[in-house]
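In: Curious how this folds, go ahead:
(chains A and B)
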Amino acid sequence: MKGKPLVSIVTAGLSKFGKHEGLYARELFAEAVKEAFDRCPRLEPKRDIKAMFVGHMGEAYEHQGHTGAAIADWAGLLNIPATRTEAACASSGAALRSGVYAVLSGLADIVLVGGVEKMTHRTTAEVTEYLAMASDYPFEQWHGITFPGLYALMATAHMHKYGTTERQMAEVALKNHHHGTLNPKAHMQKEITVETALNSRPVATPLKLYDCSLITDGASCAIITKPELASKFTDQPVHIIGTGQASDTIGLYERQSLTSLQAAKLAAKTTYKMAEVTPEDLDVAEVHDCFTIAEIIAYEDLNFCPVGKGGALAETGETRLGGRLPVNTSGGLKAKGHPVGATGTAQAYEIYLQLTGQADRRQVKNAQVGLTHNVGGSGATATVHIYRSDQQ
Amino acid sequence: MTEAPFTIEQFYKFLAQGKLMAGKCAHCGKIHLPPRPLCDNCFHQTFTWMEIAGKGKLLTYTVIHVAPEQFQALAPYAVGIIELENGLKLPGMITDVPHDQLQIGMPLTIDFTACANAQSWPQWPRYCFKP
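Out: Residues are numbered from 1 along each chain as shown, chains lettered A, B, ... in the order given. Here you go, the predicted structure:
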């Protein structure tokens, strides 16, 4: 059996991803929490949950900071220690990691981790501005470089260096949209064609509308505990057997490489080693496809393929459901949606479903080992986690 | 006379004077662009100013079509990352190049025309790159 359990997930929850008119983030989070509680009748939330970490990126969306406490209250957990974690799009990957710290420290034996973002009530121009806050202000935002712009800079460099094509990026969109049709909670549930993607309007060349993840409202959570306590709450725990996090320069321009994310590579290296797992052992993975090029770079950073071959891997079908290593069975950020603060634990939710055989039409057969890869900003933060089921 | 502080604000003040200035660590020699008050290599805090030639080559680029409100009047506009001497890099807008003629490796030069009026945070002068 691979890897010693560090902590165990006993339940998880996810709101419907999409447009939730008239709801505040805290109200949306309650939907995710309710599912997690309902899945775990042996848990008494007010008695058992000792601390909470919630990922939330932006005060600007709802003019609301200090979300840790507010969300704990709306989750029915008033008075527990509740802290917001912020690492841009990796905010809830960081929440999960903080939860692991808390459980392993012994200070809290049962911890709720999650994330939320409410975005769709803002205009695209406003969201573009708010997302850009995760990049360097004086040298990127100030010069009109947007978030898609940063990934576009990586895409241009990747195409030039390795011959990656716009069609290969479109294949990532096509796959993730297909997976989205199998996930009733995905924001977008329609098949697309490569031509639709290739002919969509430019956002930041070479990235087009269908290379970009969605502006989405959503919330996600998981409840983690010490492995020796897990059986008290569930017969189907999912163990986290590796965790890694790393940082890099906030400005893309200062990095050694424009075609890979060093933080992701470092976090992956730590995580694989801790989990005693190699990429060949993985059955399923959720990677941070905020843009199609990001999934291609993730394949390389996570050693799913040799450096420079991510575009080719996207074309083979090996990362599609039924392939050698299905990636983003949830639909990914591309089709499930990317409520930024919610994304990291939404990835963990998908792996939880896969490793407990609850992923319905998108179930990967006999999935036992899974990975999540959550990136903040243009790569200044990355968290990687590896999970395994008990049934091996 | 005390030396100007090694800060991002001072970097932009120099830009307003038409100078691209980096901070060089007096202890380990590392060149910081933008300047920093603490050397991330050796943790020393003594620096000297060093003028950087504004000529470089384009490492990567994109043409931005969907822009935040303050840049919408300019869209579509080109931005890129430019490699200067000593491996230093700076991002910025690229003007005076037809978008279909942007090419990795093309020579570009920093332009200070728009930097004439020294401003302060958060309204800094905005340099750009031209052929």
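In: tell me the contacts of residue B:30?
Out: Going by C-beta atoms under 8 Å, 6 or more residues apart in numbering or on different chains, residue B:30 touches B:24, B:39, B:40, B:41, B:42. In this view, the C-beta of every residue, glycine as well, is placed from N, C-alpha and C.
In: Just give the number of residues close to residue 93.
Out: You didn't say which chain, so I picked chain A. Each residue near residue A:93 was counted by other C-beta atoms under 10 Å in any protein chain shown, and the total is 33.
In: my question was about chain B
Out: With other C-beta under 10 Å as criterion, residue B:93 counts 21.
In: Next: residue A:21.
Out: The local packing of residue A:21 (other C-beta under 10 Å) involves 8 other residues.
In: Enumerate every residue touching it.
Out: Applying C-beta under 8 Å, 6+ apart, the residues near residue A:21 are A:120, A:121.
In: hang on, residue A:30 packs against residue A:72?
Out: No. At 11.0 Å, residue A:30 does not count as touching residue A:72 under the criterion of C-beta atoms under 8 Å.
In: Please confirm that residue A:155 is located within a helix.
Out: Yes. The assignment for residue A:155 by DSSP: H, G, I helix; E, B strand; the rest coil puts it in a helix.
In: where's it relative to residue A:335, distance?
Out: Note on residue A:155: its distance to residue A:335, by C-beta to C-beta, to the nearest Å, is 19 Å.
In: ditto for residue A:227
Out: 33 Å.
In: do the same with residue A:145
Out: Residue A:145 sits 26 Å away from residue A:335, taking C-beta to C-beta as the criterion.
In: Over to residue A:143?
Out: Taking C-beta to C-beta, one finds residue A:143 at 32 Å from residue A:335.
In: Which of the two has more residues huddled nearby?
Out: Between residue A:143 and residue A:335, residue A:335 has the larger neighbour count (other C-beta under 10 Å), namely 31 against 23.
In: Isn't residue A:386 up against residue A:239?
Out: No. In this structure, residue A:386 is not within contact of residue A:239 by C-beta under 8 Å, at 9.5 Å.
In: Look at those two and report which has more neighbours.
Out: Legend: neighbour count by other C-beta under 10 Å for residue A:386 and residue A:239, higher for residue A:386 (28 against 24).
In: Am I right that that one falls within a strand?
Out: Yes. Assigned with three-state DSSP, residue A:386 falls within a strand.
In: Bridged to it, which residues?
Out: On DSSP bridges, the residues paired with residue A:386 through beta bridges are residue A:242, residue A:371.
In: need the contact list for it.
Out: If a contact means C-beta under 8 Å, 6+ apart, then residue A:386 has A:3, A:240-243, A:271-272, A:274-275, A:277, A:282, A:369-371 as its contacts.
In: Which one (most neighbours) among those residues?
Out: In terms of neighbours by other C-beta under 10 Å, the contacts of residue A:386 top out with residue A:240 at 30 neighbours.
In: quick revisit: how about the contacts of residue B:30, which pair is most distant?
Out: Greatest spatial distance in the contacts of residue B:30: B:24 and B:40, 13.5 Å, computed using C-beta to C-beta.
In: what do these two both touch?
Out: Contact with both residue B:24 and residue B:40 is made by residues B:30, B:32, according to C-beta under 8 Å, 6+ apart.
In: of these two, who's got more company?
Out: Neighbour totals were compared for residue B:24 and residue B:40, and residue B:24 leads with 20 against 10 (other C-beta under 10 Å).
In: what does the stretch 1-150 of chain A have sitting close to chain B?
Out: A:124-126, A:128-129, A:132, A:137-140, A:142-146, A:148-149 (C-beta under 8 Å from any C-beta of the partner chain).
In: switch the cut-off to 6 Å
Out: Residues of the stretch 1-150 of chain A lying near chain B by C-beta under 6 Å from any C-beta of the partner chain: A:125, A:128, A:129, A:138, A:139, A:143, A:144, A:145, A:146, A:149.
In: What residues does the second one make contact with?
Out: The reference is to residue A:128. Contacts for residue A:128 (C-beta atoms under 6 Å, 6 or more residues apart in numbering or on different chains) come out as A:146, B:68.
In: Please confirm that it is located within a helix.
Out: Yes. Counting by three-state DSSP, residue A:128 is part of a helix.
In: and the residues of the stretch 1-150 of chain A next to chain B, which are buried?
Out: If you count burial by 16 or more other C-beta atoms under 10 Å in any protein chain shown, the buried members of the residues of the stretch 1-150 of chain A next to chain B come out as A:128, A:129, A:138, A:139, A:143, A:144, A:145, A:146, A:149.
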